[in-house]
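# Sequence and predicted model, in that order:
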Amino acid sequence: MKRIAAFALALAASSPALADEGMWTFDNFPSRKVGEKYGFTPDQKWLDDVRLSSARLANGCSASFVSPQGLVLTNHHCVHACVEQLSSAQQDLVEKGFLARRHEEEKRCPAMEVNQLLEIRDVTAEIAKATKGKTGKAYADALKAEQARLSKACATSENLRCDVVTLYAGGQYALYKYRRFQDVRLVFAPELDIAFFGGDPDNFTFPRYNLDMAFLRVWDGGKPARIDHWFAWADEGAKEGDLTFVSGHPGLTSRLLTVSELEFERDVVLPNRLFYLAEMRGMLTEFSSRGPEQKRIAKTDLFGVENAFKALRGRHEALLDEALFASKVAEEKRLRDWVAQDPERQKKYGDAWAQMDQAVERLRPIYEEYLYVEGPARGGSWGFRSQLFNHARTLVRAAAELQKPNEQRLPEYSDAALPALQARLFSEAPIYPELEERELAFSLTKLRERLGTDHPFVKKVLGKDAPETLARKLVQGSQLGDPAVRRKLFEGGSKAIAASNDPMIEMARRIDSDGRAIRSRYEADVESVERRAGEQIARARFEAWGKEVYPDATFTLRLSYGAVEGYEENGRRIHPITTIRGLYERATGEDPYELAPSWIEAKDRVDLDTPLNFVTTNDIIGGNSGSPVINRDAEIVGLIFDGNIQSLGGEYGFDPRVNRAVAVHGEGMLEALEKVYGADAILEELRRAKTEPAAK
């Protein structure tokens, strides 16, 4: 963390990105800088090919196309939920792995969507015109309406998805147009023991010895989809010193936040989330200990919680580092001083920081109520951790929202968002009542604890019931686990919702006005002010430094560049590449260092000196999982699956000396497919993909 802080101090002296730093948009990639450092300058054709060969899993991961027959490469942990949903107590594919040797054997993932970015269009002028002169709720409503209008005009069929993306804290808006693939099938997933070898102790560390890979296939019209752009597999994997590119979808970073926003993150947001996750981890661990079936059905949730807890703890430690925080203060002061030096700049931008401070102060008293009653649109309420309740709230709100003009709806119910919403709502992914009941009881307990027994909303929810009692009534009495029931309610609209006596629907109806009220207050008093002030600050940055500064991550496609390079840790040199030999040496026969039987049996067949994992200086963050690592010829040399512990401070800054992306090596993946799994059909498809002409 001290090294991160030292670099951040240097960053304050020069705002444009340094070294291999940056998660760059494809319409603003610093090709010249790459050429100056590495002797290769990506041109527009190269960038377009890479963009169209990249993919996004709508559940929060990255991926890539690796054959013209729709074969998709990503991480095992990105498809873990699908593998679990396809498993049963009799056939645990998480434990034993899965391989389809023919297309007919490929299993459809119940709740997965793959997106391909087709086009990026700057819509800043349209947004600015629609919101000009507006503040508060009027600004929020105008922004929402214009975003809905732009998205609807773009998404001309259900096979398209269009999102208006906020960049540079509102300094720029872009319309991202995607091709949607909703028929996604599992082709290959190794056993969990090798995909997550080392478990939580090795998570966010290096050296690593994982085969965290999986193959999916997108289908279209009942057959494998034809893809015109894909990455060929390199004959040789990455070597030390090689130039590498990572094309993926980093989730969220906070490098452009103001000091007051960072203080709120440090003092309120992160401690709250860490306490919540720590207690949830304990609850899920206890639930998993009840038996093998409980362990199986809770495995995905427990993995997600443990991963999030470790990541957030690293971010919190970064913000607690005095030197790093001082660098953020100095960076903001430099920009504010530049504004203050000119009366015209002061008039245009001077009050933006005060507005941001006011927005943060308005958030403090409502923060927990917002989280536990409504929650972020994507994350859901912290007080109702339940798939059944999420479905109920979606149905209740859809019945109301779909009666409104598109521009007046909540964004998640706009015409452009409806296909994805329906895909989630009608998914046949199994819902486990026992786990639902336990998680809902936990979150209701937290709701009462954090808001207080006498809070009107808590009284409205619980009445005379204990959290455990209410959770049992809601889960055991609900029929929403059946996708046919959900579809009937959705298609029946407001009349069907009003007539329903399903307890989850009744609860969602009862508290809908409370959620809408706190959301409206948050959007008017906090979010709209932050957006408006963020736009002003971003314009000041543009005027000072242009677009030499990349935008914060937004789970949209970005490209980073770097090299295969080791680093120093605690006085010792960390070599950048590990081998299969190291995997066998690290194995103990006990969890989490237990090898899958297939690997034990294959030991005499595999080449022990084959590279297995490696690190690069590429700038990544959560959401980059599943990103391809490619060389200058746009060929696969690796697969991102993690970052080292130092990279967790990358939420707020980047230190090229120690921040490292961790990847599965291209040669290691091929060695495993051939000599451990006998995946001959996949290997043949990858070989053909190297020679088949593409639309490039």
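Sure, I can see it.

# Tell me the pLDDT of the closest residue to K473 other than its chain neighbours.
In space, K473 comes closest to P503 once its chain neighbours are excluded; the distance is 6.1 Å by C-beta to C-beta, 6 or more residues apart in numbering. No exception for glycine: its C-beta is placed from N, CA and C like everyone else's. With respect to pLDDT, P503 scores 98.

# how close does P503 get to V475?
Distance of P503 to V475, given as C-beta to C-beta, to the nearest Å: 9 Å.

# Those two: which has the busier surroundings?
V475 (26 against 19; other C-beta atoms under 10 Å).

# hang on, that one packs against Q387?
No. Using C-beta atoms under 8 Å, V475 is not in contact with Q387, being 10.1 Å away.

# what sits in contact with each of these two?
The contact sets of V475 and Q387 overlap at E436 (C-beta atoms under 8 Å, 6 or more residues apart in numbering).

# Output the longest helix belonging to this protein.
helix 292-320 (DSSP state H).

# For that helix, which residues meet the burial criterion?
Neighbour counts over helix 292-320 (16 or more other C-beta atoms under 10 Å) mark 294, 296-319 as buried.

# Please apply the same query to stretch 651-671.
651-656, 658-671.

# just stretch 28-35 next, same as before
Using 16+ other C-beta under 10 Å as the test for burial, stretch 28-35 gives 28-31, 33-34.

# can you check stretch 591-600 too?
593-596, 598-599.

# Same check on stretch 154-172?
154-155, 160-172.

# same question, stretch 561-571
In terms of neighbour count (16+ other C-beta under 10 Å), stretch 561-571 has its buried residues at 561-565, 567, 569.

# What of stretch 502-518?
In terms of neighbour count (16+ other C-beta under 10 Å), stretch 502-518 has its buried residues at 502-509, 511, 514-515, 518.

# okay, those in TSV with secondary structure and distance to I630 next?
What follows is those, written out as TSV (DSSP: H, G, I helix; E, B strand; the rest coil; distance: C-beta to C-beta, whole Å):
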residue	secondary structure	distance to I630
D502	coil	49
P503	helix	51
M504	helix	46
I505	helix	48
E506	helix	52
M507	helix	48
A508	helix	45
R509	helix	50
I511	helix	48
D514	helix	48
G515	helix	44
I518	helix	45
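
# Out of the residues you listed, flag the one nearest to Y677.
For the buried residues of stretch 502-518, the closest approach to Y677 (C-beta to C-beta) belongs to M504, at 42.1 Å.

# how about the nearest residue to the closest one, chain neighbours excluded?
Using C-beta to C-beta, 6+ apart, the closest residue to M504 is A392 (3.8 Å).

# Equivalent analysis for R487, please.
In this structure, R487 finds its nearest non-sequential neighbour in F426, 5.5 Å apart by C-beta to C-beta, 6+ apart.

# Touching, that neighbour and R486? I think so.
Yes. Counting by C-beta under 8 Å, F426 touches R486, with 6.4 Å between them.

# Torsion angles phi and psi at A417?
Main-chain dihedrals, A417, degrees, to the nearest 10: phi -90, psi -10.

# Correct me if wrong: it contacts P411.
Yes. Look at A417 against P411 with C-beta under 8 Å: they come within range, at 6.5 Å.

# the more surrounded of the two?
In this view A417 and P411 are compared by other C-beta under 10 Å, and A417 has more residues nearby, 21 against 16.

# Please state the mean pLDDT value computed over stretch 339-359.
For stretch 339-359, mean pLDDT rounds to 96.

# And the contacts of that stretch?
258, 260-261, 332, 336, 338, 525-526, 529-530, 532-534, 536-537, 539-540, 543.
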